[in-house]
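>>> got a predicted structure plus its sequence, pasted below:
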Amino acid sequence: MLTNTIEQTYYVIDFDSTFTQVEGLDELANIALAGNPNREKVVQQIRDLTDAAMNGELSFAEGLRQRISLLQANRSHVEALVDFLRTKVSDSFARNRAFLRDYSEAILIVSSGFKEFIVPIVTELGLKEENVYANTFRFDADDNIIGVDDENVLSQDKGKVKLLESLALPGDVCVIGDGYTDYELREAGVASRFYAFTENVERTKVTSVADHVVPSLDEFLFLNNLPRSQSYPKSRIKILLLENVHPVARQAFEEQGFNVEFLKGALDEDELIEKIKDVTILGIRSKTNVTRRVLENAPRLIAIGAFCIGTNQIDLKAATEKGVAVFNAPYSNTRSVVELAVGEMIMLIRNVVTKSNGMHEGKWDKSANNSFEVRGKKLGLVGYGHIGTQLSVIGEALGMEVYFYDVVDKMPIGNAKKLKSLDDLLRIADVVSMHIDGRKDNKNVIGKREFELMKDGVVFLNLARGHVVEVEALVEALKSGKVWGAGVDVFPYEPKTNNEPFESELRGLPNVILTPHIGGSTEEAQEGIGHYVPERLLEYINNGSTTGSVNFPEVQLPLLKGSHRLLHIHKNVPGILAKLNNIFAKYNVNITGQYLKTNEQIGYVIMDVERSYEDGFIDEIKNVEETIKFRMLY
Ligand SMILES: NC(=O)C1=CN([C@@H]2O[C@H](COP(=O)(O)OP(=O)(O)OC[C@H]3O[C@@H](n4cnc5c(N)ncnc54)[C@H](O)[C@@H]3O)[C@@H](O)[C@H]2O)C=CC1
Ligand SMILES: O=C(O)CCC(=O)C(=O)O
């Protein structure tokens, strides 16, 4: 019985598919009918009856009667059900057990399920047995379930309404549930608000009549300013994933309760500006340009994940100025690019492309003319980073002499030879392969002059970025025979989606392999990237760590335990830490951990503080003049 008579708020919470992820009776049938050849059919019949009752399409009492008669369950099945339900408590309820415990006086479980399985589950999370209102089974002498307690109003139509009327709770009542019978409490006036709970199941008939739709208990607690385990509900954090990133990425975010939008193609600047307004995390590959204009229209954006190596499509300077951390996958597709380059090089030197094209036109040209081995040839790598060095190793294993040129002094791997200038490399190589990054300065690194320096009949590969090679010059060099064959994977303009046609002067030229920017597009690479980038982003969102960021100072933070973590990103000018520390002193806030890292543009200060502090403290921190972004985690 409720003993609390003070005017207060009562939280009436449904059990099946709200407190737990599943419907108790459906699962009981599943357990009881194990081994029965008709199990699937009967369980489905029970599910249909549950759904019809939850949607308000079938009288509740009739639905319950029919379900019980289909069950064929006994007491031991109920015990097995309790064990199963322990593993099926809704995630947001499990993580908010402190709220359940601290508000247990005010929380009522009102369910048309059964006390035999509800009470053990909810009391383990701190609720009170006397606050559970539900049906009870009737058993026969052999412990078989033969019916329900018909006297209990909850086994009748409008049972929840009748119960709440009889309780006459002395305060405001709000209801959280996934079924129409939960809404009926609001409709009947015994509750002032109905929150449709959609973490496990979403019924349009129910959500359409709700005062609020809450995808998790966190959202409910946030809306009602109640104590909660998450400072900000994840369901409110929008993640926009573009360019068909691997499904494991989407799953990683959804599993943690984030609100994910997934698009197959890229967006142009205006489309992205429209979409990004309420986005907190953006995921892209190489085709979406994140310009300063885009960033200026992204007030909530805290991080960008480039699901690839290159980050030249992102205005990194503007991102840093706006306090947006950028992460990439620096080596997950390295091997895929290298393998494609090796394959293309062999096909071109061996003259396979021309022969294959000829065969498709009916030409049988069996001859060794212009077909060579790669063994003993000189491989010239422009750019000796992750990809260049991998290709260096494989080139050597194929018996090639490897030469490289890099703007940075790099250690040669194996017997590779470092050359002092690009010109030296172009003069010596039989195969020139581009592996430099896509920074702006690298526009047209290879143009007419550079092709002229190359050996006659050179093989040329560009799997780096389209703009590093002047396409007209390459076309001319191919037509003149200076370049014998080319493999091109990247282009100055690339179609945004697979529906857009590909236009290029390179189309139709013989001995040219054209691929649609798929150097990194293998199942292995994409899955690897799909795991790697979300891990970095989630560490940043949940913990503040910036490991692997390409534009933020790197900070690897300990897990947050018990404190509040303040994350302050500011312009890197002298005196900010002193200003922050003065505010801490003024409010007498105890700091349990403090970390600071800077780069040329920004400073990133992380402060772990004890949970209790006066109003005004956080506002003062946010209002420090040089603040770019501020976040708080707990
Ligand atoms: N086709 C595709 O699908 C893929 C293309 N890429 C492209 O390949 C590029 C290289 O990738 P990684 O090797 O992982 O990058 P990395 O950053 O490890 O290596 C790039 C190297 O190029 C050097 N470099 C830059 N500009 C140069 C110049 N003008 N002359 C000589 N050296 C220069 C750098 O010092 C660095 O050593 C990426 O930036 C990306 O644009 C990467 C993955 C897939
Ligand atoms: O797979 C992609 O979309 C882009 C691959 C790429 O160019 C990169 O990783 O830099």
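Arrived safely, thanks for sending. This is a predicted model, so every value here is computed, not measured. Numbers count the residues shown, from 1 in each chain. Ligands and ions are numbered 1, 2, ... in the order given.

>>> leaving out sequence neighbours, find the closest residue to residue 563.
Leaving aside its chain neighbours, residue 563 sits nearest to residue 608 (4.2 Å; criterion: C-beta to C-beta, 6 or more residues apart in numbering). Quick note: C-beta positions are derived from backbone N, CA and C, even for glycine.

>>> for ligand 1, see how far away residue 477 is.
According to C-beta to the nearest ligand atom, to the nearest Å, residue 477 stands 19 Å off from ligand 1.

>>> ok, now residue 49?
To ligand 1, residue 49 is 53 Å away according to C-beta to the nearest ligand atom.

>>> counting by contacts, list what the host helix or strand of the residue nearest to residue 563 packs against.
Secondary structure from DSSP states H and E places residue 608 in strand 602-609. Under the contact definition 3 or more C-beta pairs under 8 Å, 6 or more residues apart in numbering; DSSP states H and E, strand 602-609 sits against strand 564-571, helix 576-587, strand 591-598.

>>> could you dump these to JSON lines with mean pLDDT and distance to residue 290?
As requested, these are arranged in JSON lines below (pLDDT from 0 to 100; distance: least, C-beta to C-beta, whole Å):
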{"stretch": "strand 564-571", "mean pLDDT": "96", "distance to residue 290": "18"}
{"stretch": "helix 576-587", "mean pLDDT": "94", "distance to residue 290": "27"}
{"stretch": "strand 591-598", "mean pLDDT": "94", "distance to residue 290": "23"}
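
>>> what about the longest helix in the protein?
helix 523-543 (DSSP state H).

>>> close to ligand 2, is that helix?
No - if you take C-beta under 6 Å from any ligand atom as the test, helix 523-543 misses ligand 2, and the best it gets is 7.4 Å.

>>> how about stretch 488-504?
No - looking at stretch 488-504 against ligand 2 by C-beta under 6 Å from any ligand atom, there are no contacts, and the closest approach is 6.8 Å.

>>> could you list the buried residues of that stretch?
488, 489, 490, 491, 494, 495, 496, 504 (16 or more other C-beta atoms under 10 Å).

>>> count the residues that sit near residue 605.
Residue 605: 20 surrounding residues under other C-beta atoms under 10 Å.

>>> I meant to write residue 558 there.
Residue 558: 11 neighbours (other C-beta under 10 Å).

>>> surely it is in contact with residue 592?
No - using C-beta atoms under 8 Å, residue 558 is not in contact with residue 592; the gap is 10.4 Å.

>>> neighbouring contacts of whichever helix or strand residue 183 is part of?
If you go by DSSP H and E, residue 183 is part of helix 180-187. Applying C-beta atoms under 8 Å, 6 or more residues apart in numbering, the external contacts of helix 180-187 come out as 12, 14, 18, 53-56, 60, 112, 158-161, 164, 173, 175-177, 191-194, 196, 203, 205-206, 209-211.

>>> list the contacts for the residue lying closest to residue 439 once chain neighbours are set aside?
Closest residue to residue 439 apart from its sequence neighbours, by C-beta to C-beta, 6+ apart: residue 312 at 5.9 Å. By C-beta under 8 Å, 6+ apart, residue 312 lies in contact with 437, 438, 439, 440, 465.
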